[in-house]
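A.B. asks: Model the structure of this input:
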Amino acid sequence: MATALCTCLRKIAICPLRCWQNGYMITAAYAKAPVPAIKVKLGFEVEKDPHKLVNYLCGGNIYKTGEEIELKPEEEYPDWLWELRIDRKAPDLEQLEYGSYEYWAKAKKLSLKSKNAMQKMSSKRKHKKF
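C.D. replies: Numbers count the residues shown, from 1 in each chain. As a prediction, the model looks like this:
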């Protein structure tokens with residue numbers, strides 16, 4: 001009923017409610033929720049004391065009260081900790097061990113990328129008119 005009314009009003013004059021139909025329901029422009037204000041991101045204060053940076057884990061304490069966690073000597077940590085890969089970029093195919101799950105997953109991904117690129121290039125050539 002409301003749709004028919006708005007259609008009729010649009011033919012006569014501009015709809016006074018400025019109705020918009022979006023899929024399942026009709027909403028009026030005046031009934032829309034106000035746009036919320038932009039939230040300001042609160043950042044952490046960066047620690048600049050060199051003594052504290054060397055001897056403590058800054059930001060490791062998850063509680064509001066209490067001290068920062070004190071770092072232990074390197075000998076007290078396990079060896080595998082120092083061998084962890086810290087690069088954000090994924091390793092290349094040559095760096096992975098042949099036959100491992102990671103190797104074949106990466107090989108499949110690269111194969112699909114090249115196949116899709118070749119398919120895209122061939123479809124562009126077919127539809128090109130001279």
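
A.B. asks: helices and strands of this structure: which one has the lowest mean pLDDT?
C.D. replies: Ranking every helix and strand in the chain by mean pLDDT, DSSP states H and E puts strand 19-22 at the bottom, with a mean of 51.

A.B. asks: Where does the prediction get shaky in the chain?
C.D. replies: Flagging of the chain using pLDDT under 70 yields the residue ranges 1-32, 125-130.

A.B. asks: can you give me the strands in it?
C.D. replies: 19-22, 25-28, 56-57, 69-70 (DSSP state E).

A.B. asks: quick one: contacts for Gly59?
C.D. replies: Contacts here follow C-beta atoms under 8 Å, 6 or more residues apart in numbering; on that basis Gly59 touches Phe44, Glu47, Glu68. Heads up, the C-betas are built off the backbone N, CA and C, glycines and all.

A.B. asks: of these, buried ones?
C.D. replies: Among these, none scores as buried (criterion: 16 or more other C-beta atoms under 10 Å).

A.B. asks: Go through those residues and name the one nearest Asn116.
C.D. replies: Among the contacts of Gly59, Phe44 lies closest to Asn116 (C-beta to C-beta), at 41.4 Å.

A.B. asks: Excluding chain neighbours, what is closest to the closest one?
C.D. replies: Sequence neighbours aside, Gly59 is the residue nearest to Phe44 in space, at 6.9 Å (criterion: C-beta to C-beta, 6 or more residues apart in numbering).

A.B. asks: how close does that neighbour sit to Ile69?
C.D. replies: Gly59 is 10 Å from Ile69, where distance means C-beta to C-beta, to the nearest Å.

A.B. asks: And for Glu83?
C.D. replies: For Glu83, the distance to Ile69 equals 22 Å [C-beta to C-beta].

A.B. asks: do the same with Asp87
C.D. replies: Relative to Ile69, Asp87 is positioned 25 Å away (C-beta to C-beta).
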